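Using only what follows, build the 3D model:
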Amino acid sequence: MLCSAWLLVLVSVTQAWETPQLRSGLYPKMLAGAPEEFARHTLPSPLSAAVASDVATFAVLLADAGRGMGSAWKKSLLVDSPNGFSITVFSPVHKALHYSLTDPSGKSVDLAPVTSQSFFPGYDTTEAQNHVNATVFVLPNMPVGEYEFTARAKDFTAAEIARLMAHETGARGKDRSLFGHGMLVLYCHSSNRIFTHVNTYNTKIGAQVGLVAQMYDSSEHPQLVRGQRPPALKDIVLEARLEAIFPDGRRVEERMHDDGLHGDLEANDGVFAGSFAAAEAGEYSVQALLKGFDNNGPFIRTSEHIVPVVNSDLTLAPAAIGTMDEDMLVLSIPVQGELGSVTQYRTYAQVWGRGVNGTTVPVAWVSAFGNVVTVVGHNALRLSLNTSWIARADATEPFVLRDVYVQDTTSFVPLDSAVQIPLQLSAGHSWALRKRLQSLRRSKGVNNISKEMRQGRPPAHLRLRNTTTSSNPKLVLLHGYCADKNPWQLTAEVWTDALYFLRANQGMAHDEFAQHVLEFTAAQQLTSYGLIGHSQGGIVSLHILNYYHSELDLATGPRKIQSVGSPYMGNSAAGFGLKLADLFNLGCGANTDLTLDGAALWLSGITEESAAQTNIYTSQYDKGGLFGEGWCNMLANSLMHLPNDGATELDYAVLPGGVHRGNTVGQCHIQDMNWPAVFLDVSRNTEMNNLAAR
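Down below sits the predicted model:
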């Protein structure tokens, strides 16, 4: 009934086609591509973003010791590696804490010779005071077995510790006890690893959200294949549980099962699963814990995930409407339900039609950012397809949309999807389409794919700017996530015609970051520009090139966008980072776009054409340090894949389809690490400056 009402009204709807605005100054590209690219834009499986970990993390929760003994916390630590292990303790009240350790025989371990101080690089900051400091104990060649670790605040009761926590984290008057008093990380130099992934990407309020977990032998499978599960170690896990920290700080614990009935695979195959009901919107910190015994002795491993849950009941209607608008076929997909807090969407669909022999043939895929629009009193999402794609496929009506899905552009969580939606055209619009296709098929070059077919028509001001003689080209340099300053200014002598973007100490999702960059370049009245980004800034450069019409498209020169140390495919330690952000009350928090899951969902929208224009530089530590492998940051090394630059893992830094310009050994992500920071390399910066488009 809904689509029938639309069809009656839309018979006569025709307008001069112009690129729609999301809001003032933001013009999304109407993306499209050939059927050969369908696989690139299919929503990923959670298995493709699995986390592998060889650590165990625990919340430090001090309790009164009684008899004037202050407060204390004791934890049993299972060590399964004779090659050594390390213990790291993070706490806002670390100055009040004293630590002790007993080995499996009950003998006290002298911690003084093995104690050092380090920090975890939560953000792309250049200021040491913004790092999360920690106490580290490195214990090589120790016996395997069960150790007991104690953290004691002998001069403070638990209530006094809570007040001290509030003071140290700047959260006076707030109850910080829900986040604990610290975190402990146990790293064992062992081949036993936990492998986990989320159970679903459909994480709306009310969904059953959880993890799938198993143990595997990293000596047998040192290099995992993305999207493939390593063989699970069976019959060694004695305890499996899931813990979820809700956005309001509540903790929920659930047992994980290996019975084939709870979202795991088969009964007794070594693969466990557990879930909980997502009751509120926000970011959930979810941990899987596997504990057991094998030939090396007892072991314990955990892994961390950030799961964004969105408040939206948006659903796709069972039919869509097609209308002709000059050379564009506009696809209006009605949506129903409460929109909730989501205000901007990415919509994707494959378009199929009828071929000359009567069979169904693929025409193209289409995608765009957009808002819900109101047409004839009903909500809808809109896509636009250049009719040259239909002529190229030699297709006609009836058309159908396949593999349709809608995402929130902040978290890229899928809000709804449909296997197939029929596309209806009124008689008038059907006639207009046939006339357009007849004209196209008489012309030459029907098989050629133009830029306008791929990106839609640029807005009028960019079309005019492309013909004007006035010129103000620049190179715009972007910082990383929550940076306190723009690091490229440290080598300002290298850059020519440069502008330094800065939103200091701001935690921004990719799209929010991109919109601020576009506002910045518009305010500078640039006629064209190139982009160079550090860390998240490199990802945002690609986001702008891919999704928005801008003066970046008008830049001339070898390289429109370049990046250094950008985790295009996410960061495996992001889940741990959220727990630290909560513990220390850090203002920027975590960014789900930078998790392995968030990156996989974001990458589903990046076109082959945009990826091919992305120039990527990476770096990593050199040899030496703990167990001889080397590090940029000791703590990051125990939580991330090797090798890395202290914040970005090499495995996740090379964009599929991008141009990898080289990996430098002996450089790190930011300053104060074990090797010089990547953005201080004058030789590479000079190369990027000389090759940058403007």
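
hey, let's count contacts and neighbours off CA atoms from now on
Will do.

Assign Ile300 to helix, strand or coil.
Here Ile300 is recorded as strand under DSSP: H, G, I helix; E, B strand; the rest coil.

Let me know the secondary structure of Gln506.
Note that with three-state DSSP, the state of Gln506 is coil.

from memory it sits against His479, does it?
No. Counting by C-alpha atoms under 8 Å, Gln506 stays clear of His479, with 10.9 Å between them.

helix or strand for Val476, which one?
strand 473-478 (DSSP states H and E).

State the mean pLDDT of that strand.
What strand 473-478 shows for mean pLDDT is 97.

Gln506 and His479: which is more packed in?
His479 (28 against 16; other C-alpha atoms under 10 Å).

Report the backbone C-alpha coordinates of the strand holding Val476 in PDB.
Extracted in PDB, the C-alpha atoms of strand 473-478 (Å, rounded to 0.1, in the frame of the first residue of the first chain):
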ATOM      1  CA  PRO A 473      46.200  25.300  -4.300                       C
ATOM      2  CA  LYS A 474      47.500  24.000  -1.000                       C
ATOM      3  CA  LEU A 475      48.800  20.900   0.700                       C
ATOM      4  CA  VAL A 476      46.700  20.100   3.800                       C
ATOM      5  CA  LEU A 477      48.400  18.000   6.600                       C
ATOM      6  CA  LEU A 478      46.300  16.100   9.000                       C
END
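
how about the strands in the stretch 51-200 of the chain?
With DSSP state E, counting those that start in this stretch, the ranges of strands along the stretch 51-200 of the chain come out as 51-53, 55-60, 63-64, 71-79, 84-90, 98-102, 115-120, 132-140, 145-153, 182-188, 192-198.

Make CSV from those strands and add mean pLDDT and distance to Glu36 to it.
CSV is the format used below for the strands of the stretch 51-200 of the chain (pLDDT from 0 to 100; distance: least, C-alpha to C-alpha, whole Å):
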stretch, mean pLDDT, distance to Glu36
strand 51-53, 96, 30
strand 55-60, 95, 41
strand 63-64, 94, 60
strand 71-79, 97, 50
strand 84-90, 94, 49
strand 98-102, 97, 59
strand 115-120, 88, 43
strand 132-140, 92, 46
strand 145-153, 97, 54
strand 182-188, 95, 44
strand 192-198, 97, 29
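
among these, which is nearest Trp488?
strand 115-120 (22.1 Å; C-alpha to C-alpha).

by how many degrees do the closest one and strand 84-90 diverge?
60 degrees (axes from the mean of the first three to the mean of the last three C-alpha atoms, to 10 degrees).

For strand 115-120, buried residues please.
Across strand 115-120, burial judged by 16 or more other C-alpha atoms under 10 Å covers 118-120.

and the angle for it with strand 132-140?
If you take the same axes, to 10 degrees, strand 115-120 sits at 130 degrees to strand 132-140.

Report the secondary structure state of the closest residue to Ala391 other than its chain neighbours.
Nearest residue to Ala391, sequence neighbours excluded (C-alpha to C-alpha, 6 or more residues apart in numbering): Leu437, at 5.8 Å. With three-state DSSP as the basis, the three-state label of Leu437 is helix.

For the stretch 201-350 of the chain, which segments are assigned as strands?
So, for the stretch 201-350 of the chain - with DSSP E, counting those that start in this stretch - the strands run 208-217, 237-245, 251-255, 272-277, 282-294, 297-309, 315-316, 320-325, 328-336, 345-354.

Any chance of CSV for those strands, columns distance to Asp64 and mean pLDDT?
Below are those laid out as CSV (distance: least, C-alpha to C-alpha, whole Å; pLDDT from 0 to 100):
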stretch, distance to Asp64, mean pLDDT
strand 208-217, 34, 98
strand 237-245, 24, 97
strand 251-255, 21, 95
strand 272-277, 32, 97
strand 282-294, 27, 96
strand 297-309, 27, 96
strand 315-316, 51, 96
strand 320-325, 63, 95
strand 328-336, 54, 96
strand 345-354, 50, 98
